[in-house]
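Trainee: From the sequence below, what's the structure:
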Amino acid sequence: MKIVRIDAEAEDITYGTVEPDGIRLYHGSPFFQWERSETVLPITQVKLLAPVIPTKIIAVGKNYVDHAAEMDSDVPESPLIFLKPPTTVIGPMAAIRLPPESSEVHHEGELAIVMGKVARRVSAADASSYILGYTAANDVTARDLQRSDGQWSRAKGFDTFCPLGPAIDTEFDPAEPNRITCSVNGVLRQEGSTADLVFDVGAIIEYVTAVMTLLPGDVILTGTPAGVGPIVAGDRVEVDIEGIGTLMNLVTSA
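Mentor: This is a model prediction of the structure:
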C-alpha cells in the first residue's frame, strides 16, 4: 500500500492511498484510526503534501561507507544521530529555499523510516512491527555552516531542509538492494542501494529508542550515499528510491 497525504479540491487535507484510478480518500489518520471512503479522486485533482508531519526527525550521519569517505571521515562505531526540526518538512514539488546565511547548500538523498507506533527501547528484532512504512527524503544541508559551527543543528535545521514524499510505502523492504539516486536537473549525482546501510533499520531503531521515545509519524532519515553536492536557485532536485517513487523539489532563494 502507498499512503499519501493530500490537499484535494473541495476536500480537507486528508490521507489516501494510491489506486490505479486515482487516490482513494480515507477518514482519519493511518497512525491512529482511519476509515476507507468510497471516494476516488483523479490524481490531477489533488496536491501531494509531505506524507507526514512528524513531532521529530532523527537523522543518521555517515551511514554509507562511500559517503563517510567523501567526507574524509571513518564510519562511526555506533549510529551518529542528530535532529532536524519539524519545520524543515516540505512535500513534493514544494520549494527548497536557500538561506542567505549559507553559500554552499547540498542535497542528500535518503531513505526515510516512518514510525507507526509509540516505540521505546525496541529491539532490532522487533523493529519492523513498529514501522508504518518508508518514504524518500532529502536531508538538505548548509555544508559551509556544518563545517564552521562544529555541530549540525543550524546547517540541517533551516525551514524547507527536509523534503519528504511522495508516498509512504508499507510493503517496502530496505534489506533488498533497492536503488536510491539523487539527480539535479536530470544529471545523476548520487547512486547507491538501501541494502548498503552500515547500520540497518533494526539497529538504528534499537539505538534511537534507547535514547528517546518515538511517536507515531516520527521520521528517521537513514543516511545518504556518496555524491552529495551543491544546489542553486533554479535547480530541480529529484530523489528516487526503487519501489517508493520520486521526490521532486525546485530550489529557490529564500
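
Trainee: so where's the stretch 1-150 of the chain uncertain?
Mentor: Residues of the stretch 1-150 of the chain meeting the criterion pLDDT under 70: 10-11.

Trainee: show me where it has helices.
Mentor: For the stretch 1-150 of the chain, applying DSSP state H, counting those that start in this stretch gives helices covering 65-70, 143-149.

Trainee: residues in contact with the shortest one?
Mentor: This points to helix 65-70. 62, 74, 75, 192, 196, 198, 223, 224, 225, 226, 227, 228 (Cβ atoms under 8 Å, 6 or more residues apart in numbering). (Glycine included, C-beta is placed from N, CA and C.)

Trainee: Looking at those residues, spot the one nearest residue 125.
Mentor: Residue 125 has its nearest neighbour among those in residue 198, at 18.8 Å by Cβ to Cβ.

Trainee: just to revisit the earlier point, ok, the contacts of helix 65-70 vs residue 145, which is closest?
Mentor: Using Cβ to Cβ, the contacts of helix 65-70 come closest to residue 145 at residue 228, 14.6 Å.

Trainee: Provide the count of other residues in contact range of residue 47.
Mentor: 14 (other Cβ atoms under 10 Å).

Trainee: Equivalent analysis for residue 107, please.
Mentor: Residues lying near residue 107 (other Cβ under 10 Å) number 28.

Trainee: before we move on, the earlier item: just put the helices of the stretch 1-150 of the chain in CSV and tack on distance to residue 102 and mean neighbour count.
Mentor: Below are the helices of the stretch 1-150 of the chain laid out as CSV (distance: least, Cβ to Cβ, whole Å; neighbours: other Cβ atoms under 10 Å):
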stretch, distance to residue 102, mean neighbour count
helix 65-70, 19, 16
helix 143-149, 5, 15
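
Trainee: Quick one: closest of those helices to residue 7.
Mentor: Closest approach to residue 7 among the helices of the stretch 1-150 of the chain is made by helix 143-149 (32.3 Å; Cβ to Cβ).

Trainee: And the helices of the stretch 1-150 of the chain: which comes nearest residue 83?
Mentor: Of the helices of the stretch 1-150 of the chain, nearest to residue 83 by Cβ to Cβ is helix 143-149, at 14.2 Å.

Trainee: which strands and helices sit next to the closest one?
Mentor: Taking 3 or more Cβ pairs under 8 Å, 6 or more residues apart in numbering; DSSP states H and E as contact, the helices and strands that helix 143-149 lies on are helix 153-157.

Trainee: Could you pull up the residues touching residue 254?
Mentor: Residues counted as contacts of residue 254 (Cβ under 8 Å, 6+ apart) are 97, 98, 99, 100.

Trainee: Quickly note the distance from it to residue 184.
Mentor: Distance from residue 254 to residue 184, counting by Cβ to Cβ, to the nearest Å: 19 Å.

Trainee: same deal with residue 41?
Mentor: Taking Cβ to Cβ, one finds residue 41 at 32 Å from residue 184.

Trainee: can you pull out the strands in the stretch 1-150 of the chain?
Mentor: Taking DSSP state E, counting those that start in this stretch as the test, the strands found in the stretch 1-150 of the chain are 2-8, 13-19, 22-28, 34-41, 46-49, 57-61, 80-84, 89-90, 95-98, 105-107, 109-115, 131-138, 141-142.
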